[in-house]
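A.B. asks: just a sequence and a predicted model for now, questions to come.
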Amino acid sequence: MGPYWFLSCLFFTSILSWVIFRMGKLFKQYRSVVTGALFLLCYSVGCVFVYLDIKCNVQIKLALVVSILFYLGFLWKRYDGCVRYTIAGVLTALTILLAGYFLGYDHINIATLNLENPTLFLVYSLCGCYLVLGVSSFINKNSCMKNVLSYVGRHSITILLANYFCIRVLHLIRYYFMPDNHGAPTDIPQLYNDWYWWMVYTLFSVVVPLGVREIYQKIKESIIIIKSKSR
């Protein structure tokens, strides 16, 4: 249902990662090596489960596969000072991702456990991280853009929780007021091959929750002010 698979995936991945880090601490001298090996083992087992279609709880498969990304994120943050974000690096990451897309090696969807292949999955993940963080480092130099993205990031859970509702509302608007949409009112729009509407749905799903939140905050502040004056 929309992006809500991510919340359960994050929950189980966090538990698995906590267990692995705790196990790694048992080997004080080789903690980093053991921890990395355990994450790699989990990823390997997860890929075997996926590609051999072994019957297993989907959340367990997701946690096993995604745990490696959790660990890569941990390492990235730990050694962030060693990573240099350059225009050449960003363009290289973008080129790799575009090459994979245009060459047809782009069938990756974590929600449905479609990974293309284990190596490309990791390569694309690393390139995507570098691309996003690299662009973010450039945006960080612009105070206006920095504040906007920082605000959106602080309220990402609000956006996530309202995502499905926003998609449903916009889909109903399209169905009843726009003749180009032929889906049923109960359909969930599939936007993988529709870049224009993908952007519209994305903006709508971000702007509306944040707008509602701001209205709620203003009303709440007004009520507090009125109550304080009436005392």
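C.D. replies: Cool, the structure landed.

A.B. asks: which one's the longest helix in the chain?
C.D. replies: Determined from DSSP state H, the single longest helix within the chain is helix 195-230.

A.B. asks: average model confidence for that helix?
C.D. replies: On average, the pLDDT along helix 195-230 is 84.

A.B. asks: how about stretch 170-177?
C.D. replies: 80.

A.B. asks: give me the buried positions along it.
C.D. replies: Buried residues in stretch 170-177, defined by neighbour count with 16 or more other C-beta atoms under 10 Å: 170-171, 174-175. Glycine gets a C-beta too; all of them are placed from N, C-alpha and C.

A.B. asks: now these as a markdown table including secondary structure and distance to Phe204?
C.D. replies: Converted to a markdown table, the buried residues of stretch 170-177 look like this (DSSP: H, G, I helix; E, B strand; the rest coil; distance: C-beta to C-beta, whole Å):
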| residue | secondary structure | distance to Phe204 |
| --- | --- | --- |
| Leu170 | helix | 5 |
| His171 | helix | 10 |
| Arg174 | helix | 11 |
| Tyr175 | helix | 15 |
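
A.B. asks: closest to Pro209 out of these?
C.D. replies: Leu170 (12.5 Å; C-beta to C-beta).

A.B. asks: look up the closest residue to that closest one, ignoring the ones flanking it.
C.D. replies: Of all residues not flanking Leu170 in the chain, Phe204 sits nearest, at 5.0 Å (C-beta to C-beta, 6 or more residues apart in numbering).

A.B. asks: looks like that neighbour contacts Ile173 (just checking).
C.D. replies: No. Look at Phe204 against Ile173 with C-beta atoms under 8 Å: they stay out of range, at 9.2 Å.

A.B. asks: picking up where we left off before, and the longest helix of the chain, what does it pack against?
C.D. replies: Applying 3 or more C-beta pairs under 8 Å, 6 or more residues apart in numbering; DSSP states H and E, we find helix 195-230 packed against helix 143-154, helix 156-177.

A.B. asks: let me know which of the ones you listed is tucked in deepest.
C.D. replies: Of all these, helix 156-177 has the most neighbours on average by mean count of other C-beta atoms under 10 Å, namely a mean of 15.

A.B. asks: just want the angle from that one to helix 195-230.
C.D. replies: Helix 156-177 runs at 120 degrees relative to helix 195-230, counting by axes from the mean of the first three to the mean of the last three C-alpha atoms, to 10 degrees.

A.B. asks: off-centre distance for helix 156-177?
C.D. replies: Between the centre of helix 156-177 and the centre of its chain there are 18 Å (C-alpha atoms, centre = their mean, to the nearest Å).

A.B. asks: many thanks, we can stop here.
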